[in-house]
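Engineer: sequence plus predicted model, see below.
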Amino acid sequence: MIRLRGRKVVGGVAEGMAVVSREPISFFGGVDPKSGKIIEKGHTLEGVSVAGRVLIFPHGKGSTVGSYVLYAMAKNKVAPVAVINVNTEPIIVVGCCLAGIPLVDKLDKDPIRSIKNGDAVRVLADKGLVEVIV
């Protein structure tokens, strides 16, 4: 098992398969709140669903409306079960707070390099702990 330690931003516990992006994500216009799929043209995850996954990306980008898109995704049951950022920012923090999605960042190892698509990941956000189950 690989363990990464970081900062709790939004508490909670979740487990799921990882979806990893080296690119930032804009939830407003970049993610479909009804399906949970990345719809941003040319994004490396275009067409990939984040529903029920542990979503790992550097940070958010775009409009503050992205916070409400995360909330809508949770209401539509297509939100990620947890978010891991390299360095999170207010749009993602507010969205995860509204949606009740555990969020951690500032891990002791780069999560984008340490975690691969499809890895089983457990997020214990209250402890600032991420476990990759190998």
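Structural biologist: On my side now, so go ahead. Numbering: from 1, shown residues only.
Engineer: just the helices in the protein please.
Structural biologist: 66-75, 90-99, 111-114 (DSSP state H).
Engineer: which among those helices is found nearest to Ile38?
Structural biologist: helix 66-75 (11.7 Å; Cβ to Cβ). C-beta here means a position set from N, CA and C on the backbone, and glycine is covered the same way.
Engineer: I figured Met17 hits Ile56, correct?
Structural biologist: No. Using Cβ atoms under 8 Å as the test, Met17 is too far from Ile56 to be in contact (10.9 Å).
Engineer: out of the two, which sits in the more crowded spot?
Structural biologist: Ile56 (27 against 13; other Cβ atoms under 10 Å).
Engineer: can I assume that one is in contact with Ile84?
Structural biologist: Yes. Counting by Cβ under 8 Å, a contact exists between Ile56 and Ile84, whose distance comes to 4.5 Å.
Engineer: quick check, pLDDT for the residue positioned nearest the centre of the chain.
Structural biologist: In the chain, the residue lying closest to the centroid (Cα atoms, centre = their mean) is Val83, at 2.6 Å. We have a pLDDT of 98 for Val83.
Engineer: please name every helix or strand in contact with the top strand by length along the chain.
Structural biologist: Using DSSP state E to define each element, the chain has its longest strand at strand 13-20. For strand 13-20, the packing partners by 3 or more Cβ pairs under 8 Å, 6 or more residues apart in numbering; DSSP states H and E come out as strand 54-57, strand 120-124.
Engineer: ok so, going back, pull up the overlap in contacts between Ile56 and Ile84.
Structural biologist: 111, 115, 121 (Cβ atoms under 8 Å, 6 or more residues apart in numbering).
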